[in-house]
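> Show me the folded form of this:
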Amino acid sequence: MGTGEQLVTVAAVLLGALTTHLTNYVMERSRHRRELLTRWDDRKLDAYGGYVDRVRAGIFLAVQLYEHKEGLRQSEQSESEMLAELSEAERQRGRSFEQIMLLGGDEVVEAAHELHAAVRAIDWQATGKTVGTLEEWRERNRVAFREINEFHEAARVDLGVQGKVTGENHPERDLLLPTARRDGDGAAG
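Have a look, this model is predicted:
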C-alpha cells in the first residue's frame, strides 16, 4: 500500500470520526432542547392550572361573601372571616398571576390580564367597594367565566394542545342557578 493510499485511508477515518462526532453533537443538542421545552411546558401547565384554580376559588369565596351580605344565603362564618379568606385568596391569585407573567406567551398574558380584571370586579362588588344589582353581579360572574374560557383557549394554544373549549362544538353555558333564582319567582330573584 502506497503513501497516497494510506493518506486516503487516514483521511476517510478522520472524516468518518468527524461526521460521527458532529452527528452526535447535533442529536444531543436537539435532545437537550426538547427536554428544556418539555420541562417549560410542564411548568407552564402547572402555572396555568394553578392560576385558574386560584381564580375559581376566589370567585367562590366572593360569591359566599356576597350572598351572605345580601341575605341570599347565611354562612356559619362571620363577615370578617370571609373577608380574610377572600383577601388570602386574592394574595394567592396574585402570586399565581406573577407566574403567568413569567412563563406565559403573549396571548396567555393578555388573557390573564382580562381575567384578572373581571375577577377584581367580582371582588369589589362582593366587598362593597362597588355597588350593583343582583343582575349586575350575575353579569360580572358571567364575564369572569367567559374570561376563564378565553384564558383556557390561549393556554391551550401556547401549550400546543389541539381543539378548543369554546365554539361550535362547545356552546356557551350560563351560570348554574336554582330555578327560583333564575326565573325570578323566589325571594332572591
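
> Output the contacting helices and strands for the helix ranked longest in the chain.
Among the segments of the chain that qualify as a helix by DSSP state H, the longest is helix 3-69. Applying 3 or more CB pairs under 8 Å, 6 or more residues apart in numbering; DSSP states H and E, we find helix 3-69 packed against helix 79-103, helix 106-127, helix 134-159. C-beta here means a position set from N, CA and C on the backbone, and glycine is covered the same way.

> For the first one, enumerate the helices and strands it packs against.
Packing contacts for helix 79-103, counted by 3+ CB pairs under 8 Å, 6+ apart, involve helix 3-69, helix 106-127.

> what do you get if the cut-off is 6 Å, keeping everything else the same?
With contacts defined as 3 or more CB pairs under 6 Å, 6 or more residues apart in numbering; DSSP states H and E, the packing partners of helix 79-103 are helix 3-69.

> Then the shortest one?
If you count contacts as 3+ CB pairs under 6 Å, 6+ apart, helix 106-127 packs onto helix 3-69, helix 134-159.

> Not counting its neighbours along the chain, what's nearest the spatially most central residue of the chain?
A centroid search over the chain (CA atoms, centre = their mean) returns residue 48, at 3.1 Å, as the residue closest to the centre. Leaving aside its chain neighbours, residue 48 sits nearest to residue 155 (4.3 Å; criterion: CB to CB, 6 or more residues apart in numbering).

> Check whether the one you found really touches residue 107, as I assumed.
No - applying CB atoms under 6 Å, one finds residue 155 not in contact with residue 107, separated by 8.8 Å.

> between these two, who's got more neighbours?
Remark: of residue 155 and residue 107, residue 155 carries more neighbours, 25 against 15, as counted by other CB atoms under 10 Å.

> Can you read off the pLDDT for the more buried one?
Per-residue pLDDT puts residue 155 at 96.

> Buried residues of stretch 75-92, list them for me.
For stretch 75-92, burial by neighbour count (16 or more other CB atoms under 10 Å) applies to 82, 83, 85, 86, 89, 90, 92.

> closest to residue 31 among those residues?
For the buried residues of stretch 75-92, the closest approach to residue 31 (CB to CB) belongs to residue 92, at 36.6 Å.

> For the closest residue to that closest one other than its chain neighbours, give me its contacts.
Distances taken as CB to CB, 6+ apart put residue 54 closest to residue 92, at 5.1 Å, once the chain neighbours are dropped. Applying CB atoms under 6 Å, 6 or more residues apart in numbering, we find residue 54 in contact with 92, 93, 96.

> Now for residue 151: which residues touch it?
111, 115.

> Check the gap between it and residue 100 for me.
9 Å (CB to CB, to the nearest Å).

> now swap in residue 108 and tell me
Applying CB to CB, the value for residue 108 to residue 100 is 6 Å.

> Please apply the same query to residue 14.
Distance of residue 14 to residue 100, computed by CB to CB: 52 Å.

> looking at the helices and strands packed on helix 106-127, which is buried most?
helix 134-159 (a mean of 18; mean count of other CB atoms under 10 Å).
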